[in-house]
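Novice: Using only what follows, build the 3D model:
(one chain, ligands or ions: 1)
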Amino acid sequence: MAPMVDIVDRYERFRRNVLNLQASENFICSHVRMALGSDLAARYSHIMPDGRNAYGGTEKIEEIYDEAESSIKTLFKSKFAEIRPTGGHIAAEICILSSVNKGGTFMAIPEEFGGYTGYMQSYLPDMFSMKYEPIPYNDITQEIKYDELEKRAKEVKPEAMILGQSFFVRHYDLKRIREIADSVNSKILYDGSHPMGLIAGKKFQPDALTYSDVLYGSTHKTFFGPQGGIILTNNEELFNKIETNTVWKTFDNYHPNHVAALGIAAQDLIQFGESYASWVVSNSQNLARTLEDSGIGVKYSPWYTESHQVILSKENSEKFGSFKEISRKLANNNIIVDTEGRIGTSEITRLGLTDMMKVGQVVSDGIKGKDVRKDVTEILRNTGVKYCR
Ligand SMILES: *Cc1c(COP(=O)(O)O)cnc(C)c1O
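Specialist: Residues are numbered from 1 along each chain as shown. Presented below is the predicted three-dimensional model:
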């Protein structure tokens with residue numbers, strides 16, 4: 001039996017020496033880690049319907065909770081916030097349960113166009129006895145086909161339209177979608193799991209909460225962590241409904257350490273969010289261009305991306321191997337990417353990296369099979385941790 005602490009220790013050392021370019025991840029500042037590893041990780045705090053806390057010793061936990069909630073509301077300028085879900089998926093469950101009736105229909109972007117798998121028929125819709133209908137989408141321009149959506153919505157009469165994608169490089173015309181939704185009396189649910197930190201920094205879909213009924217998603221992709229989910233809305237009636245789908249339905253314990261950590265991350269984003277988000281977007285655009293110039297196929301040229309994601313072109317990068325092989329070749333060079341052809345710039349931006357010619361060059365050389373371990377070490381040597389107070 002290998003002692004677990006040794007394995008974790010080796011893991012921590014491994015992580016310090018790799019360049020992480022996974023679009024779904026971000027690292028957490030040391031004060032966020034401190035909260036996660038604090039005594040709160042072993043506690044309960046649960047305010048009952050009659051206002052009494054079911055547990056004792058919770059006074060400070062309640063204070064932490066209130067402060068985290070108010071920091072999230074300040075960051076997003078939202079009237080209401082539900083900060084307890086322990087993941088974006090759970091936040092999605094709560095929002096769907098609060099907007100769509102059993103037997104009802106919701107529309108979402110198909111998985112084949114980068115939509116979230118959980119919204120496909122055999123997952124959440126089947127679990128909740130609902131029906132999924134695809135939102136018409138143009139893969140080449142990365143845009144919703146608004147006229148077709150309008151036509152289709154009139155036919156299928158959705159109770160909700162769920163926006164947001166896991167492959168997410170272009171914002172939507174939300175004003176137009178609002179008009180369509182209103183014409184069929186549908187809610188708009190905006191799943192901002194990937195761009196949540198960029199929305200907070202007002203550099204991607206800054207009108208998300210203006211036109212949607214609810215904005216929700218993960219807190220650890222472009223957001224500064226910890227892993228979790230949040231739900232934001234300005235609609236009191238909807239918020240009250242949301243509250244009825246939380247405790248004892250989609251979760252019980254909310255992990256008070258995660259809420260404390262979330263509050264710290266939110267306060268960091270209040271301070272640094274705008275600067276961070278603009279660097280993320282310009283880094284991904286520059287990285288995409290460098291990769292393309294060096295012969296690695298990138299999708300959506302010449303604009304490439306408006307977010308933290310750079311999407312490799314399957315056809316044009318195939319000569320260097322499948323996405324899985326590309327991921328393995330880069331891993332051998334201490335560069336971590338997923339096996340789906342997404343490259344993300346949130347984490348390297350927080351290391352203070354801005355020279356995307358250099359980063360793009362090592363990634364492209366690595367994909368081509370060169371040994372770039374020394375260059376990766378060199379790049380990492382000149383980094384520090386940014387955007388942590
Ligand atoms: C990642 C993701 C989720 C799931 O979020 P978790 O925090 O992993 O539970 C939901 N929706 C979209 C669009 C995602 O990209």
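Novice: alpha carbons only for contacts and neighbour counts from here, please
Specialist: Fine.
Novice: can you tell me if the longest helix along the chain touches the ligand.
Specialist: The longest helix of the chain (DSSP state H) is helix 256-293. No - Helix 256-293 lies out of reach of the ligand by Cα under 6 Å from any ligand atom, never closer than 12.8 Å.
Novice: Going C-terminal from that helix, what's the next secondary structure element?
Specialist: strand 309-311 (DSSP states H and E).
Novice: So what touches the helix or strand that that following strand is followed by?
Specialist: Using DSSP H and E, the helix or strand that follows strand 309-311 in sequence is helix 314-317. Applying Cα atoms under 8 Å, 6 or more residues apart in numbering, the contact partners of helix 314-317 are 296, 297, 298, 322, 323, 341.
Novice: 7 Å instead?
Specialist: 296, 297 (Cα atoms under 7 Å, 6 or more residues apart in numbering).
Novice: And that helix, how far out from the chain middle?
Specialist: 25 Å (Cα atoms, centre = their mean, to the nearest Å).
Novice: Pull out the buried positions in it.
Specialist: Within helix 314-317, the residues that count as buried by 16 or more other Cα atoms under 10 Å are 314, 317.
Novice: cool, and stretch 353-372?
Specialist: 353-354, 356-368, 371-372.
Novice: next one: stretch 311-325
Specialist: 311, 312, 313, 314, 317, 322, 323.
Novice: Touching, residue 222 and residue 196? I think so.
Specialist: Yes - with contact defined as Cα atoms under 7 Å, residue 222 reaches residue 196; the gap is 6.0 Å.
Novice: So for these two, which residue has more residues nearby?
Specialist: Between residue 222 and residue 196, counting by other Cα atoms under 10 Å, residue 222 is the more crowded of the two (30 against 26).
Novice: which helices and strands does the longest helix of the chain pack with?
Specialist: helix 30-36, helix 59-76, strand 309-311, helix 346-350, helix 356-367 (3 or more Cα pairs under 7 Å, 6 or more residues apart in numbering; DSSP states H and E).
Novice: Quick one: mean pLDDT over it.
Specialist: Per-residue pLDDT over helix 256-293 has a mean of 98.
Novice: Equivalent analysis for stretch 88-99, please.
Specialist: On average, stretch 88-99 scores 98.
Novice: likewise stretch 15-31?
Specialist: So the average pLDDT for stretch 15-31 ends up being 97.
Novice: That stretch and the ligand in contact?
Specialist: No - Stretch 15-31 lies out of reach of the ligand by Cα under 6 Å from any ligand atom, never closer than 6.6 Å.
Novice: measure that stretch end to end?
Specialist: Start-to-end span of stretch 15-31 (Cα to Cα, to the nearest Å) is 18 Å.
Novice: what do you get for stretch 327-336?
Specialist: 7 Å.
Novice: Flag every buried residue along it.
Specialist: 327, 328, 329, 330, 331, 333, 334, 335, 336.
Novice: how close does the residue nearest to the fourth one when sequence neighbours are not counted sit to residue 296?
Specialist: Spelled out, it's residue 330. Distances taken as Cα to Cα, 6 or more residues apart in numbering put residue 366 closest to residue 330, at 5.5 Å, once the chain neighbours are dropped. For residue 366, the distance to residue 296 equals 11 Å [Cα to Cα].
Novice: Same question for residue 161.
Specialist: For residue 161 relative to residue 296 (Cα to Cα), the value is 35 Å.
Novice: same thing with residue 3?
Specialist: Residue 3 sits at a distance of 42 Å from residue 296 (criterion: Cα to Cα).
Novice: Neighbour count: the two, which is higher?
Specialist: Per other Cα under 10 Å, whichever of residue 3 and residue 296 has more neighbours is residue 296, with 24 against 7.
Novice: how about the more buried one, phi and psi?
Specialist: Backbone geometry at residue 296, expressed as degrees, to the nearest 10, gives phi -90, psi 120.
Novice: Roughly how far does the closest residue to residue 41 other than its chain neighbours sit from residue 231?
Specialist: Distance criterion Cα to Cα, 6+ apart; nearest residue to residue 41, sequence neighbours excluded, is residue 257 at 4.8 Å. As judged by Cα to Cα, residue 257 and residue 231 stand 18 Å apart.
Novice: To which secondary structure element is the nearest residue to residue 363 once chain neighbours are set aside assigned?
Specialist: Spatially, and ignoring its direct neighbours in sequence, residue 363 is nearest to residue 330 (7.2 Å; Cα to Cα, 6+ apart). Assigned by DSSP H and E, residue 330 belongs to helix 323-331.
Novice: likewise residue 93?
Specialist: helix 88-97.
Novice: what does that helix rub up against?
Specialist: 85, 193, 216-218, 228-231, 242, 245-246, 250.
Novice: Just the CA atoms from that helix would do, formatted as CSV, please.
Specialist: Below are the C-alpha coordinates for helix 88-97, written out as CSV (Å, rounded to 0.1, in the frame of the first residue of the first chain):
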residue,chain,number,x,y,z
GLY,A,88,-22.3,23.8,-12.4
HIS,A,89,-24.3,20.6,-13.1
ILE,A,90,-26.2,20.9,-9.8
ALA,A,91,-26.8,24.6,-10.5
ALA,A,92,-28.3,23.5,-13.9
GLU,A,93,-30.5,20.9,-12.2
ILE,A,94,-31.9,23.6,-9.8
CYS,A,95,-32.6,26.1,-12.6
ILE,A,96,-34.2,23.6,-14.9
LEU,A,97,-36.4,22.2,-12.1
